[in-house]
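>>> Structure of the sequence below:
(chains A and B)
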Number of protein chains: 2
Amino acid sequence: MYKVGIDLGGTNTAGGIIDEKNEIIERENLLTRHGCDPELIAADLARMVFRLAAKVNVSMSAFDKIGIGIPGSVEGGIVKDANNIGFYDVPFAGMVAARTGLPVSLINDSNAAARGEYVAGSGKGARSFFMLTLGTGVGGAYIYKGDIVEGCNMAAGEVGHMVIRVDGRHCSCGRRGCLEAYCSGTALATRAREAAITNQYSLLNKLSENNPSAIDGKLFYKALMAGDKTSSQVFDEYMKDLTAGVVNIINLLQPDVLAIGGGMSGVGSTLLNELIKRVQPEVFSLHSDTQTSIRIASLGNEAGIIGAV
Amino acid sequence: MYKVGIDLGGTNTAGGIIDEKNEIIERENLLTRHGCDPELIAADLARMVFRLAAKVNVSMSAFDKIGIGIPGSVEGGIVKDANNIGFYDVPFAGMVAARTGLPVSLINDSNAAARGEYVAGSGKGARSFFMLTLGTGVGGAYIYKGDIVEGCNMAAGEVGHMVIRVDGRHCSCGRRGCLEAYCSGTALATRAREAAITNQYSLLNKLSENNPSAIDGKLFYKALMAGDKTSSQVFDEYMKDLTAGVVNIINLLQPDVLAIGGGMSGVGSTLLNELIKRVQPEVFSLHSDTQTSIRIASLGNEAGIIGAV
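Predicted coordinates for the structure are as follows:
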């Protein structure tokens, strides 16, 4: 039997047929429609499933379920709150099930990505797994013995809102000093802009043509790789805060594997090597023979499709 | 058959004989010696076990095991790292076994207390439970569906070494800014002493007869209850840091119940009411219908003795 996994994103939707080895054997992408009736989006997804079946030349009876990752909170088959796609209290699983005749389950998209990495990617074989997502924001998901730990209200894993500096930088959540305010991709760009303003000879200014607001993650990384001193200082401070956050997670949970996903993980070995070097002497368990393995998430966008089922 | 449970603390050690109904039928307390050879502490514990046996008029053969709660990380019979008692890679189970002729198992003291509370105290009936211990140090244990989450190296739960202020106060673990450096009983006394020195008219100085080093938790609490302004400020700052730590745990795990244990929990409602008031508006899930229930641990010292076996 096959399964269908769909990652319903705010901008793009990716779907795939997953075989019994948790591998994607066929996939398709489409733009997510905006501001329309959820029934129309359900119809889009149903058509995608029929096309996928046709591509691999099987009937719908070859699929035993559809899993959909949702960018928001879900409870059972209901999307409670997903502001990026404008769904509030939408019985979306039933809408897709009615059009496909298949059982449909919903899952939060970050949890889906973590589950995908756990079953088929960087967390494969781990007993406990923490996925730290460094993107526009900072997110997380903790998997223990195969369960996503969702807590009493399905809201666990909000590691972006772990305070690492009481009274520190303002965070988008309204509090101060959260990890997200220091270690998201957005926060790194902000830190680079601030540094560019106070260090006029930095390569950051040359590359941005003296327009600090044009400094984004890519430009910063270019300056860093070119050996710019200001960028190195920004990276050093960023890594200090990221290390504090990662060490906090490890000291609390000591997962077998901690994987870094999200846009920031695109810088791969630069981030990873520095992080491992800094975390090692800081963990409370530094004298232990066994340590959490820190890795870059390996599946990219595929994690969300695989994890949705 | 009886068991012997021992809670080896940084300041006090409590031991008890436990019957088959998990009730303590005889108990004894002693001061934990400091800065001495672990063999001497093993001898202290062995003598305690012999005295306990004599008190209930049984021979050592009436005991089938000794369980010892350790304020640090343990692996099998080895204490890996317990900085409050100065044990690093100490085969402590063997030392006590050699002196008593009984099998000895070690468990992290916070895990022992958490297990006791989860089975018979404040966490009874919870699906997920976090025990935060505020004593000489700060410890923690997370129980998920009946399992103590010990992580890849049995060292999970070290919430005392969660950094809440990067570059902050020095911690006994060698790092800076840990929750323990702000929120242990020891840290509270340190903060009160510092405040007494800079506020000469504080009641803290009157009560300590102008000897700040005589200020301990009890004296501080007395001054606080008498309305001393300096003590109120110290308590306010303490609660701010404790709130950050508790909110960090909740945002990450959203346990059904979070219980406060350890010496600081002795101040009960004063601490609890203030903590609940401060945590509520700070958690990321503040709009959720379901929230973590924050409680004072209900078994006191007995949790650590019962949970050790």
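
>>> where do the strands sit along chain A?
Along chain A, the segments classed as strands by DSSP state E run A:2-8, A:12-18, A:24-31, A:63-70, A:73-75, A:78-82, A:87-90, A:104-108, A:128-134, A:138-144, A:147-148, A:257-261, A:293-296.

>>> Please name the nearest non-neighbouring residue to A:Ala214.
Among residues not flanking A:Ala214 along the chain, A:Ser208 sits closest, at 4.3 Å (C-beta to C-beta, 6 or more residues apart in numbering or on different chains). C-beta coordinates here come from the backbone N, C-alpha and C atoms, glycine included.

>>> what's next to stretch A:54-67, contact-wise?
For stretch A:54-67, contacts defined as C-beta atoms under 8 Å, 6 or more residues apart in numbering or on different chains pick out A:1-6, A:17, A:25-26, A:28, A:45, A:49-50, A:53, A:96-97, A:100-107, A:112, A:308-309.

>>> To clarify, my last question referred to stretch A:276-294.
The contact list for stretch A:276-294 (C-beta under 8 Å, 6+ apart) reads A:239-240, A:243, A:246-247, A:250-251, A:254-260, A:272, A:275, B:73, B:75, B:80-81, B:88-89, B:151-155, B:158, B:161, B:173, B:175.

>>> hang on, the earlier thing: what count of nearby residues applies to the residue nearest to A:Ala214?
20 (other C-beta atoms under 10 Å in any protein chain shown).

>>> separation between the nearest residue to A:Gly72 once chain neighbours are set aside and A:Ser61?
Sequence neighbours aside, A:Ala82 is the residue nearest to A:Gly72 in space, at 2.6 Å (criterion: C-beta to C-beta, 6+ apart). For A:Ala82, the distance to A:Ser61 equals 30 Å [C-beta to C-beta, to the nearest Å].

>>> So those two - more neighbours on which side?
Legend: neighbour count by other C-beta under 10 Å for A:Ala82 and A:Ser61, higher for A:Ala82 (22 against 10).

>>> Identify the residues contacting that one.
Neighbours of A:Ala82 in contact, by C-beta under 8 Å, 6+ apart: A:70-73, A:88.

>>> and what of A:Met95?
Listed by C-beta under 8 Å, 6+ apart, the contact set of A:Met95 reads A:38-39, A:42.

>>> Check what pLDDT it gets.
For A:Met95, the pLDDT comes out at 98.

>>> With A:Leu52 as the reference, measure out to it.
Between A:Met95 and A:Leu52 the computed distance is 18 Å (C-beta to C-beta).

>>> Count the neighbours of the closest residue to A:Glu237 other than its chain neighbours for me.
Leaving aside its sequence neighbours, A:Glu237 sits nearest to A:Arg191 (C-beta to C-beta, 6+ apart; 6.8 Å). By other C-beta under 10 Å, 21 other residues sit near A:Arg191.

>>> For A:Arg191, give me its contacts.
Contacts for A:Arg191 (C-beta under 8 Å, 6+ apart) come out as A:182, A:234, A:237-238.

>>> And A:Glu39, by the same measure?
A:Glu39 neighbours (C-beta under 8 Å, 6+ apart): A:Met95.

>>> now with 10 Å?
Shown in contact with A:Glu39 (C-beta atoms under 10 Å, 6 or more residues apart in numbering or on different chains): A:90, A:92, A:95-96, A:98-99.

>>> okay, the nearest residue to A:Leu204 once chain neighbours are set aside: pLDDT?
Using C-beta to C-beta, 6+ apart and skipping residues adjacent in sequence, the residue nearest A:Leu204 is A:Ala196, 4.0 Å away. On pLDDT, A:Ala196 comes in at 97.

>>> Could you pull up phi and psi at whichever residue of the stretch 101-250 of chain A sits closest to chain B?
Closest contact between the stretch 101-250 of chain A and chain B, by C-beta to the nearest C-beta, is at A:Gly151 (2.3 Å). Main-chain dihedrals, A:Gly151, degrees, to the nearest 10: phi 80, psi -170.

>>> Buried ones in the longest helix along chain A, by neighbour count?
Counting residues, the longest helix in chain A under DSSP state H turns out to be helix A:229-253. By 16 or more other C-beta atoms under 10 Å in any protein chain shown, the buried positions in helix A:229-253 come out as A:230-231, A:234-235, A:238-239, A:241-253.

>>> sorry, back to before: could you check how many residues crowd around the residue nearest to A:Leu204?
Applying other C-beta under 10 Å, we find 29 residues neighbouring A:Ala196.

>>> How about A:Gly160?
26.

>>> now swap in A:Met60 and tell me
Burial of A:Met60 is recorded as 12 neighbouring residues (other C-beta under 10 Å).

>>> got it, and A:Thr136?
As a burial measure, A:Thr136 scores 15 neighbours (other C-beta under 10 Å).

>>> close enough to count as contact, it and A:Cys183?
No. A:Thr136 is beyond contact range of A:Cys183, at 11.9 Å (criterion: C-beta atoms under 10 Å).

>>> Touching both of these two, which residues are there?
A:Met264.

>>> that older thread, can you report phi and psi for the spatially closest residue to the residue of the stretch 101-250 of chain A closest to chain B that is not a sequence neighbour?
Closest residue in space to A:Gly151, ignoring its immediate chain neighbours: B:Gln254 at 2.3 Å, by C-beta to C-beta, 6+ apart. Here is the backbone geometry of B:Gln254 (degrees, to the nearest 10): phi 40, psi 60.

>>> isn't B:Gln254 right next to A:His161, touching?
No. Taking contacts as C-beta under 10 Å, B:Gln254 lies outside contact range of A:His161: 11.8 Å.

>>> which of the contacts of stretch A:54-67 are close to chain B?
Residues shared between those and the neighbourhood of chain B: none [C-beta under 10 Å from any C-beta of the partner chain].

>>> Just give the closest residue to A:Gln233, not the sequence neighbours.
A:Ala195 (6.7 Å).

>>> Hmm, I typed the wrong one, I wanted A:Leu106.
With sequence-adjacent residues excluded and distances taken as C-beta to C-beta, 6+ apart, A:Leu106 is closest to A:Val74, at 4.3 Å.

>>> Could you pull up the residues touching that neighbour?
By C-beta under 10 Å, 6+ apart, the neighbours of A:Val74 are A:68, A:80-82, A:87, A:90, A:92-93, A:105-109, A:111, A:154.

>>> Among those, which one has the most neighbours?
When neighbours are counted by other C-beta under 10 Å, A:Leu106 leads the contacts of A:Val74 with 29 neighbours.

>>> Tell me who's in contact with that one.
So, once contact is read as C-beta under 10 Å, 6+ apart, A:Leu106 ends up touching A:6, A:8, A:66-70, A:72-80, A:82, A:90-93, A:96, A:112, A:308.

>>> which residues pair with it across the strands?
For A:Leu106, the beta-bridge partners under DSSP bridges are A:Ile68.

>>> cool, A:Val257 as well?
Applying DSSP bridges, one finds that A:Val257 bridges with A:Phe129, A:Ser293.

>>> Was I right to think A:Ala126 contacts A:Ala120?
No. Using C-beta under 10 Å, A:Ala126 is not in contact with A:Ala120, being 12.0 Å away.

>>> Leaving out chain neighbours, which residue sits closest to A:Pro38?
A:Val90 (4.7 Å).

>>> how about that neighbour, what does it touch?
A:Val90 makes contacts with A:37-39, A:41-42, A:70, A:72, A:74, A:77-82, A:106, as judged by C-beta under 10 Å, 6+ apart.

>>> Thanks a lot, catch you later.
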